[in-house]
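>>> here is a sequence together with a model predicted from it:
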Amino acid sequence: MKFFRLGLALAFAASLAACQKAPGSVDQKRLEAAAANAEWLSYGKDYSEQRFSPLDKVNAGNVSTLGLAWYAEFDTDRGQEATPLMIDGVLYTSTAWSKVFAFDAKTGKQLWKYDPRVEGAKGFDACCDVVNRGVAAWKGKIFVGTIDGRLVALDAKTGAVKWEVQTTDKSKPYTITGAPRVVKDKVMIGNGGAEYGVRGYISAYDTETGKLAWRFYTTPNPTGAADGAASDKVMAEKAGATWSDGEWKQTGGGGTVWDSMAYDPELDIMYFGIGNGTPWNHQKRSGGKGDNLFLSSILALKPDTGEYVWHYQTTPAESWDYTATQHIMLADLNIGGQPRKVLMQAPKNGFFYVIDRATGKLISAKPYTNITWASGVDMATGRPIETPGSRYETSMVMQVPGPLGAHNWQPMAFNPKAGLVYIPLNVAPFAYADDKGGSYKAGAWNVGVDFVINSLPSDAAQLKALTALIKGQLVAWDPVQQKAVWTVNHPYFWNAGVLSTAGGLVFQGAAQGQFTAYDAATGKSLWNYDVGNGVIAAPMTYELDGEQYVAVMVGVGGGGQISAPASMPVRPRLPGRLMVFKLGGSAKAPAFPQPAAAKVELTGVNSTGNVQHGFELFHKNCQVCHGPNASGAWLPDLKASPMLTTADNWKGVVIDGVSASRGMASFSRFMSPQDAEDIRAYVITEAKKVAAAPEVPQGAKAPAGGGQ
């Protein structure tokens, strides 16, 4: 411990000396030493992405005195998913709609802000909210990816644009929600949009000029041609033969790199998590044939060139939206009496993987939660042992996990002292069935799964039974023994990412608005604070002038809130906040405004539309944003929309696109005016059911819906 504290003191001294440099002057040497310092230099703190801080001034013995030091309120009320950075006394963060802010990390004074001015209509292409998970810093620049596919380099001191580059084809429904990473003067960024039909890739750009350095595609070129990219050789040798004819040749196949990355400086290997296929349904995507590399894979590349090193596919022939884009972290573990350099991941499919990060060889894989689609992983082949019928070719199957995964984007954390990984879990079933009548629609959701069967039951007993299945958890997982050590149950799923500290603490926010510190060894709650809004972002911590701070972005949203709103607390959309705590903090944030619930008078309002047809169309086209059975009250609540009162107003939004600037694009590509009226007829029936039902208390729990 003496030597640990000496090393920590030296790291703090280095951080203090760095304060004399220009703002944001992060370089390779500084990032490689970031695990031991008092700052937070990269999305996961350092290249290993462990989200563990050596700070211990806030600890299990005094955390009860933690109070608010300062806060900032933002001008966006969508999901806040960013982890702030703290560099040389400045805190940098991003918000929904890809905006970036810089604050004095001690006082909270805003230093600058940047708005990329994304067109509101681009929100239509964002499957899971217009979120942004954070920024990267390098040699006086702050980098952010925007929801419309740009990579922007900002001056760390002023926020002025140094350069920007369009990383995607603007004619296609690509988005960027993930945080960039920087290695050796190259900034790396991926993209999203697989549900809509795009071809995934990861790109590296020169940090000084924005010039493309290399690109690696994660699915083959549908035309069969070479791309002139870093992926050409391995596509020809390994991946191409794993794809057969199917809808992927129209959609691009998916495989977007929308979140996780990590880097090992010693091995000089960059690791990326690859997403689901388009459509999800393997039978439609590739005729039910082939593993479809590199979908749902961990991909290891050389950061200088994009050269392929190895891959491990967590879910071959992926068919359930079981992405491997979830948090990747690197660690050194003692396994079987031998030190091993490992990569760890808990992807959507429910298995916790420990992999040799030099070779890609599987060391172990065990379910970290209850799953029904597979019984285990064959250690000889590394392939899951699938449950018969789980591929839903001939009949519907109710399965756990569903498309939102046993673990989604919310980051885990690792405590190397305790040897535990802390995983934020979702427990939510989903009914998979082949969408037999469905076919590819450019620009629409293309999953090949029948969403109609995921409408909510109307029977009260069935609703109650379904409700009992839905929850969230925080699990402390031993990656060596591959078993849970303790579990905290949450009343709702879709809770926040996690922070672990040397003070023996684990911090996590929750959907109902509690920010809590748990004992890292036992899971006992030691402190909690009502932030007034749901939390999904992972916290971070830093030290300035001898005081330790804990910061978290506040603001519910994202895929769970949008596509499964019936499983979340009932609350209005509220402005996002950054809340920063310290021991003895006494600041007070004003209560959020609580607007009255939207209501619309439907007495005498009727429609000539076909309600049953509207029910089917709604669940095929609308439920991913407005919830099954129009249960969503967030984007907004259609049952309380004044547009519902007249056919002309409804058509103006759904067909004519009068609300496109607010993210509600015209659906004229996908349906006729009569189809839109049929949907209106259905929503009116749902609205009148709600009006006639007893009032549900604020925050009451309801069952989960489908979607991703």
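In hand now; what should we look at? Just so it is clear, the structure is predicted and the values come from calculations on it, not from any experiment.
>>> which residue is nearest the centroid of this structure?
The C-alpha lying nearest the average C-alpha coordinate of the chain belongs to W409 (CA atoms, centre = their mean; 3.3 Å).
>>> which residue ranges form the helices in the stretch 151-300 of the chain?
Assigned by DSSP state H, counting those that start in this stretch, the stretch 151-300 of the chain shows helices spanning 232-234, 248-251, 282-286.
>>> any idea which of those helices is most buried?
helix 282-286 (a mean of 25; mean count of other CB atoms under 10 Å). Heads up, the C-betas are built off the backbone N, CA and C, glycines and all.
>>> give me the residues contacting that one.
The contact list for helix 282-286, computed with CB atoms under 8 Å, 6 or more residues apart in numbering, reads 243-248, 251, 253, 277-279, 288, 292, 317-319, 391, 393, 434-435, 438, 448.
>>> distance from the chain centre to it, please.
Helix 282-286 sits 25 Å away from the centroid of its parent chain (CA atoms, centre = their mean, to the nearest Å).
>>> and for stretch 199-211?
Computed by CA atoms, centre = their mean, the separation of stretch 199-211 from the middle of its chain amounts to 21 Å.
>>> end to end on that stretch, go ahead and measure it.
When the termini of stretch 199-211 are compared using CA to CA, to the nearest Å, they are 21 Å apart.
>>> average pLDDT for that stretch?
Per-residue pLDDT over stretch 199-211 has a mean of 98.
>>> any buried residues in it, and which?
Taking 16 or more other CB atoms under 10 Å as the neighbour-count basis, stretch 199-211 is seen to contain the buried residues R199, G200, Y201, I202, S203, A204, Y205, T207, G210.
>>> packing partners for the longest helix belonging to the chain?
Criterion DSSP state H: the longest helix present in the chain is helix 673-692. Helices and strands touching helix 673-692, by 3 or more CB pairs under 8 Å, 6 or more residues apart in numbering; DSSP states H and E, are helix 611-621, helix 647-654.
>>> in ChimeraX, select just the buried ones from the contacts of helix 282-286.
Those of those that count as buried under 16+ other CB under 10 Å are selected in ChimeraX with:
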select :243,246,247,248,251,253,277,278,279,292,317,318,319,391,434,435,438,448
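>>> so which residues of the stretch 251-400 of the chain form strands?
Per DSSP state E, counting those that start in this stretch, the stretch 251-400 of the chain has strands spanning 261-264, 269-273, 297-301, 308-313, 328-335, 338-345, 351-356, 362-367, 374-377, 384-386, 397-399. These are given in chain order.
>>> tally of neighbours for P628?
Applying other CB atoms under 10 Å, we find 26 residues neighbouring P628.
>>> my bad, should have said N446
Here the count is done by other CB under 10 Å, and N446 has 26 residues near it.
>>> in three-state terms, label it for me.
Classification of N446 by DSSP: H, G, I helix; E, B strand; the rest coil places it in coil.
>>> report pLDDT for it.
N446 is assigned 93 on the pLDDT scale.
>>> please apply the same query to G699.
In this model, G699 is scored at 38, pLDDT.
>>> what's the answer for G509, then?
Looking at G509, its pLDDT is 98.
>>> residue contacts, it?
Remark: with contacts taken as CB under 8 Å, 6+ apart, G509 is in contact with N495, A496, F515, T516, V531, G534, V535, I536, A537, P539, V552, V554.
>>> what strand or helix carries the first one?
Which is N495. Using DSSP states H and E, N495 maps to neither a helix nor a strand.
>>> was I right to think it contacts P424?
Yes: the pair N495 and P424 qualifies as a contact (CB atoms under 8 Å) at a distance of 5.5 Å.
>>> surely A589 meets Y529?
No: contact between A589 and Y529 fails when scored by CB under 8 Å: they sit 10.2 Å apart.
>>> find residues that contact each of these two.
Common neighbours of A589 and Y529, counting by CB under 8 Å, 6+ apart, are L68.
>>> list the contacts of the closest residue to Y682 other than its chain neighbours.
Nearest-residue entry for Y682: G614, 3.1 Å, with adjacent residues in sequence omitted and distances by CB to CB, 6 or more residues apart in numbering. Applying CB under 8 Å, 6+ apart, we find G614 in contact with E677, D678, I679, R680, A681, Y682, V683.
>>> from A444, how far off is G614?
As judged by CB to CB, to the nearest Å, G614 and A444 stand 17 Å apart.
>>> who touches both of N495 and P424?
Listed as contacting both N495 and P424 by CB under 8 Å, 6+ apart are Q410, G472, L474, Q508.
>>> among those residues, which ones are buried?
Buried residues within the shared contacts of N495 and P424, counting neighbours by 16+ other CB under 10 Å: Q410, G472, L474, Q508.
>>> and the helix or strand hosting the second one, how far out from the chain middle?
Secondary structure assigned from DSSP H and E places G472 in strand 471-478. Its chain's C-alpha centre lies 17 Å from the corresponding centre of strand 471-478 when counted by CA atoms, centre = their mean.
>>> ok, the closest residue to E32 other than its chain neighbours - contacts?
Nearest in space to E32, with sequence neighbours left out and distances taken as CB to CB, 6+ apart, is P265 at 5.0 Å. When contacts are counted by CB under 8 Å, 6+ apart, P265 is found next to Q28, E32, Y47.
>>> and with 10 Å instead?
The contact partners of P265, by CB atoms under 10 Å, 6 or more residues apart in numbering, come to Q28, K29, L31, E32, Y47, S48, V183, K184, P303.
>>> how about S375?
Shown in contact with S375 (CB under 10 Å, 6+ apart): P367, P384, I385, E386, T387.
>>> switch the cut-off to 7 Å
When contacts are counted by CB atoms under 7 Å, 6 or more residues apart in numbering, S375 touches I385, T387.
>>> tell me the pLDDT of it.
Predicted confidence (pLDDT) for S375: 98.
>>> distance check, it against P54.
Distance of S375 to P54, computed by CB to CB: 40 Å.
>>> what distance do you get for the residue nearest to E32 to A640?
For P265, the distance to A640 equals 53 Å [CB to CB].
>>> now swap in G252 and tell me
If you go by CB to CB, the gap between G252 and A640 works out to 38 Å.
>>> higher neighbour count, these two?
When neighbours are counted by other CB under 10 Å, G252 comes out ahead of the other of G252 and A640, with 26 against 17.
>>> and that one, how far is that from Y440?
11 Å.
>>> okay, and the common contacts of these two?
Taking CB under 7 Å, 6+ apart as the contact criterion, the common neighbours of G252 and Y440 are G197.
>>> okay, the contacts of G614 in CSV with neighbour count and distance to T76 next?
As requested, those are arranged in CSV below (neighbours: other CB atoms under 10 Å; distance: CB to CB, whole Å):
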residue, neighbour count, distance to T76
E677, 22, 33
D678, 24, 34
I679, 29, 28
R680, 27, 29
A681, 21, 34
Y682, 26, 31
V683, 26, 27
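>>> and stretch 529-538, what's buried?
Y529, V531, G532, N533, G534, V535, I536, A537, A538.
>>> out of these, what pair is the most spread apart?
Checked with CB to CB, the buried residues of stretch 529-538 reach their widest spread between G532 and A538, with 18.8 Å between them.
>>> show me where pLDDT drops low in this structure?
Within the chain, the stretches with pLDDT under 70 are 1-21, 693-708.
>>> one more time with 50, if that's ok
Applying pLDDT under 50 to the chain picks out residues 1-19, 696-708.
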